[in-house]
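Peer 1: following is a predicted model, sequence given first.
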Amino acid sequence: MLIRAYMVAVGILVIALGVLYSMANIQISEGSALDEFAEKNNFRLKSEPSKRGNLYASGGDLLATTITVHNIYIDLAVIDDKLFESQLGALSDSLSAMFDKPASYFQEKLKTEKKKGNRYMTLIRGLDYKDYTRIKSFPIFNKGQNKGGFIHQTESRRELVLDDVGRRTIGYDTGDRKSGLEGAYSKDLSGVEGKRWEQFMGGGQWRPAKTWEQEPVNGSDVYTTIDAGMQIAAYSALQDQLIQYEAEYGCVAVMEVSTGKIRAIVNLKRGEDGTYTDVYNYVIADRAEPGSTFKTVSLLSGLENEKFKADDTVETGNGRYRLYNRVISDTHGNGKLTVEQVLIKSSNIGTAKLINAGFGSNPQQYFDQLSKWNLTKKMGIDIEGETAPIFHKPTDSDWSNITLPVMSYGYGFQITPLQILTFYNGIANKGRMLKPLFIDKIEKYNGSVVNFQPQVLVDKMASDENIATITEMLRKAVAEGTAKNIFTEHYEIAGKTGTARVEYWLKDQPIRYRASFAGFFPADDPKYTCIVVVHKPSNNKGIYGGTVTAPVFKKIADWVYSRTPIKVPNTPELVNVKKEIQSAPSIRYNADGSRIPNLIGKSGENVIPVLENMGLDVRYDGLGKVTGQSIPAGTPFRKGQTIYLTLES
């Protein structure tokens, strides 16, 4: 029996090996035969790109989508000479009116290419639907491709809806280069390309097979944590302040306290023409000496390690104090201060003396506390480009007695705005530090949904008592201290200003500054944490965090509190939808005639002209009926506003 079992097993193994050999033989010999057959019979296996998914804000507002643009080419060889001569002038006049170039330019170009017999002259690329329908009605072109030489091709193009409001955070994927959310989630957005055979039919035409070798799988839709309204409010507030203070660049980030979700992130840099654009993600990549916003870190470290209490005192003198080989200075002489007053008045001397007295004999304890709070390494966020902080360690050869005191008030190391924001958000969240979250969910093409949950970096930063103590200090820093200019009776703000020197090591140059403010609101029940950084504001305009950056924070906070059902003055002009769509009765509209109608299921061919007549800038992807619209039905709109449509046959 045992011998028979072995023989059966050996037999099965021989059969399996035979099958594998046959499969390999088919793949090699017959596969190459198929390739040879395809080449001889003019077949090709054509790749078809899948539809890239959309990128949305958290509330469903479109951030990035794929639109269809129209490219126009001319086959001048098929145009009859008599037709060409008789209507060239009229065609050139039409092109001149459309593209703002003299008619003579088009006459000479078309004549030259006609003599060459050019069968594929590029006329214009990237037209929208409205301009495409216009140009195809021009003289000669209205004869079609066979007689008028009018060649029309469509192309998919990625477009950002908010553009400069969040360009670097949204990012891009060009194949060889990736950045931002588009790059981080490119695999989900891209889907899977399809493949099917095509047969060459002559005359430059290929006929696709009816069946697919591999059907394309559309990309998933990615919903970010960005609040579109807050993003625009943050952009406007920062841009206004950068212009007013003639700064080099600046950034803002807003984090939701309980979840770690980034609700707004804005980065703006001044160009040579004086305008500010989003060209670099300063929030996640611009590591620098933070200045006084770091005093909060140092004082909480001292409280938590029982080096001092909030009501302990320290002598700060007349505003100048020599410690080891360094003279430390304050803006004003403050005399004796409590630990709480050190933060309220932002005393460099008080902070340095407290931290040096508490940790000077064991600086590793201070550094270990920073490490526990995840401040000495990357946080591992989803977006590429996060830079690692740079710190001197007590074990480094260049560490000296003055390193720790200087570090305590924000110098001698580099850290990103996002890490400072995350620390302050941990305080606002009662000591629970969360990783910055940029994605809410991913909706796959098959309907399944992947939801993203908050991730905890530090479960308990400090005791409840010390978190409450530092929060009260930050509240008083706004109510009584360096940020009292943004104090309001309507809600309480807790936060800290920062004013750091930059490039102070350069000789024979005026001192420049980096202003910042980090905080949260409302202080008694925090909902949002925000950081604002403005780099190199004009020394003649203002340099301090309280005057340069804190007002940006206040404008954003005011915007949050303004989102109540009250009448807003200066409401933008709303066009009369009811009047405009009388010619298309199949589209239902609301009674007051001022809102976007429900377009789902309607023919794109009918809908697009109607929307354009209503004053909307229409962008679309695909052909057929409307399956998606970027502005929800019933939403008020303004003339000139862009609406994106998804069409499917």
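Peer 2: Noted; the coordinates are in hand.
Peer 1: output the below-cut-off pLDDT ranges for the protein.
Peer 2: 1-41, 162-165, 201-207, 209-210, 564-594, 621-622, 649 (pLDDT under 70).
Peer 1: domain ranges for it, per the record?
Peer 2: Described in terms of automatic domain parsing, the domain architecture of the chain consists of the residue ranges 55-73+111-224, 228-562, 577-648.
Peer 1: check the gap between residue 385 and residue 192 for me.
Peer 2: Going from residue 385 to residue 192 by CB to CB, to the nearest Å gives 27 Å. C-beta here means a position set from N, CA and C on the backbone, and glycine is covered the same way.
Peer 1: kindly reformat the domains of the chain as TSV containing distance to residue 42 and mean neighbour count.
Peer 2: Formatted as TSV, the domains of the chain follow (distance: least, CB to CB, whole Å; neighbours: other CB atoms under 10 Å):
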stretch	distance to residue 42	mean neighbour count
domain 55-73+111-224	4	17
domain 228-562	33	20
domain 577-648	28	17
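Peer 1: let's have those domains in TSV, adding distance to residue 91.
Peer 2: Converted to TSV, the domains of the chain look like this (distance: least, CB to CB, whole Å):
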stretch	distance to residue 91
domain 55-73+111-224	5
domain 228-562	37
domain 577-648	24
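Peer 1: out of those domains, flag the one nearest residue 49.
Peer 2: Residue 49 lies closest to domain 55-73+111-224 among the domains of the chain, at 5.3 Å (CB to CB).
Peer 1: measure stretch 450-460 end to end?
Peer 2: From its first residue to its last, stretch 450-460 covers 28 Å (CA to CA, to the nearest Å).
Peer 1: quick one: distance of it to the chain centre.
Peer 2: 21 Å (CA atoms, centre = their mean, to the nearest Å).
Peer 1: quick one, strands of the stretch 201-350 of the chain?
Peer 2: Along the stretch 201-350 of the chain, counting by DSSP state E, counting those that start in this stretch, strands occupy 205-208, 221-224, 249-256, 262-270, 276-277, 313-315, 320-323, 326-329, 336-338.
Peer 1: between the domains of the chain, which one is closest to residue 43.
Peer 2: Taking CB to CB, domain 55-73+111-224 is the member of the domains of the chain nearest to residue 43, at 5.4 Å.
Peer 1: how far out from the middle of the chain is that closest one?
Peer 2: On CA atoms, centre = their mean, the centre of domain 55-73+111-224 falls 23 Å from that of its chain.
Peer 1: please apply the same query to stretch 106-121.
Peer 2: Distance of stretch 106-121 from the chain centroid (CA atoms, centre = their mean) equals 44 Å.
Peer 1: what does it rub up against?
Peer 2: Stretch 106-121 is contacted by residues 73-79, 84, 88-89, 91-92, 95-96, 151 when judged by CB atoms under 8 Å, 6 or more residues apart in numbering.
Peer 1: what strand or helix carries the residue nearest the centre of the chain?
Peer 2: Taking CA atoms, centre = their mean, the centroid of the chain lies closest to residue 169, which sits 2.2 Å from it. Using DSSP states H and E, residue 169 falls within helix 167-170.
Peer 1: state the next helix or strand along the chain beyond that helix.
Peer 2: Helices and strands here follow DSSP H and E; after helix 167-170, the next one along the chain is strand 172-173.
Peer 1: quick one on the thing from earlier: need the nearest residue in space to the residue nearest to the centre of the chain, chain neighbours excluded.
Peer 2: With CB to CB, 6 or more residues apart in numbering as the criterion, residue 169 has its nearest non-adjacent residue at 4.9 Å, and that residue is residue 265.
Peer 1: stretch 326-334: how far from the chain's middle?
Peer 2: The chain centroid and the centroid of stretch 326-334 are separated by 41 Å under CA atoms, centre = their mean.
Peer 1: ok, residues contacting it?
Peer 2: The set of residues that contact stretch 326-334 without belonging to it, under CB under 8 Å, 6+ apart, is 316-322, 341, 345-350, 352, 402, 405-406, 409.
Peer 1: try 10 Å this time
Peer 2: When contacts are defined by CB atoms under 10 Å, 6 or more residues apart in numbering, stretch 326-334 is touched by residues 314-322, 337, 341-342, 345-353, 400-402, 405-406, 408-409, 482, 499, 544.
Peer 1: and the helices in the stretch 401-550 of the chain?
Peer 2: Taking DSSP state H, counting those that start in this stretch as the criterion, the stretch 401-550 of the chain carries its helices at 403-408, 417-428, 464-479, 545-548, 550-562.
Peer 1: chain center to the second one: distance?
Peer 2: A distance of 20 Å separates the C-alpha centroid of helix 417-428 from that of its chain, computed with CA atoms, centre = their mean.
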